[in-house]
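Asks: Pasted the sequence and its predicted model underneath.
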Amino acid sequence: MPILTQARFPRLWLVFQYVIGGTTDKQRLCLEDYEGQRSVLEVGCSAGNIADAFRRIDGVNYVGVDIDPAAIALAKKRFAGKANFRFVCQDFLEFVRGPERFDYILFAGVCHHMPDSQCTEVLDAASAATAEGARIVVVDAVVPEPQDSWFLHTFVKLERGKHLRTARELETLLGGLRAFEVREARTRFVNATPLGFPRCARFGVYVLEKRKGPT
């Protein structure tokens with residue numbers, strides 16, 4: 001079992017992510033398709049490392065959902081006093097049964113922790129939480145390409161997710177969703193540190209929209 005995990009040492013895990021885990025670039029990717037939507041939902045929010053990117057946005061109402069009680073407890077402490085930030089420890093499939101609807105739904109770094117069947121179930125479930133015209137964005141680590149540096153191929157071995165896919169495999173998986181279709185797909189490089197180097201990972205960024213007609 002890995003020693004440093006968000007469940008066992010959430011605060012130390014959070015620091016590690018900021019120092020050499022690429023958090024700065026991951027936040028940037030999660031905002032690339034954000035256009036001022038007011039109600040934001042992040043699925044698999046962990047301790048709020050991506051939520052920090054929304055602190056600087058006036059008027060946003062952010063909700064983060066995660067099943068890890070230690071991570072959620074830390075997130076609540078970090079955002080104490082921020083009335084427009086709320087963190088919920090709950091299975092997402094249960095959460096979407098509630099009445100809330102969101103304009104911007106973000107899945108950041110969660111797909112590679114789920115097998116195909118679970119991934120499609122969770123993503124399709126987001127349909128129940130979407131407001132009219134909502135934007136759904138998936139940002140996830142993908143397998144390095146053959147031409148990528150030795151460092152990328154080495155760094156990816158630190159990834160704890162057991163279902164890391166190539167960019168094409170992830171796009172194909174998302175293309176088979178019942179509730180959504182892929183409107184845009186691209187890949188981006190992520191740097192390990194806030195200094196902008198070294199380049200450590202490839203990430204896929206996918207913008208989804210609701211399919212027309214009954215799902």
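Replies: Structure received. Residues are numbered from 1 along each chain as shown.
Asks: how about the CA coordinates for stretch 155-173, as CSV?
Replies: Extracted as CSV, the C-alpha positions of stretch 155-173 are listed here (Å, rounded to 0.1, in the frame of the first residue of the first chain):
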residue,chain,number,x,y,z
PHE,A,155,6.7,9.9,-13.8
VAL,A,156,3.6,8.1,-14.9
LYS,A,157,4.7,5.0,-12.8
LEU,A,158,3.9,7.1,-9.7
GLU,A,159,0.3,7.3,-10.7
ARG,A,160,-1.9,5.3,-8.3
GLY,A,161,-4.9,5.0,-10.7
LYS,A,162,-5.3,1.5,-12.0
HIS,A,163,-7.2,2.5,-15.1
LEU,A,164,-5.0,4.9,-16.9
ARG,A,165,-6.0,5.1,-20.6
THR,A,166,-4.5,6.6,-23.8
ALA,A,167,-6.1,9.8,-24.9
ARG,A,168,-7.8,7.9,-27.7
GLU,A,169,-9.2,5.2,-25.4
LEU,A,170,-10.6,7.9,-23.0
GLU,A,171,-12.2,9.8,-25.9
THR,A,172,-13.7,6.5,-27.2
LEU,A,173,-15.1,5.8,-23.7
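Asks: For that stretch, what is the distance to the chain centroid?
Replies: 13 Å (CA atoms, centre = their mean, to the nearest Å).
Asks: which other residues reach that stretch?
Replies: 2, 5, 111-116, 119-120, 138, 140-144, 182, 185, 187, 192, 200-202, 204, 206 (CB atoms under 8 Å, 6 or more residues apart in numbering). Any C-beta I mention is one placed from the backbone N, CA and C, and that applies to glycine too.
Asks: With stretch 176-191 instead?
Replies: With CB under 8 Å, 6+ apart as the test, stretch 176-191 has contacts from 22, 24-26, 29, 33, 120, 123-124, 126-127, 136, 142, 167, 171, 174-175, 197-211, 215.
Asks: in a strand, that's where Val19 is, yeah?
Replies: No - judged by DSSP: H, G, I helix; E, B strand; the rest coil, Val19 forms no part of a strand; its state is helix.
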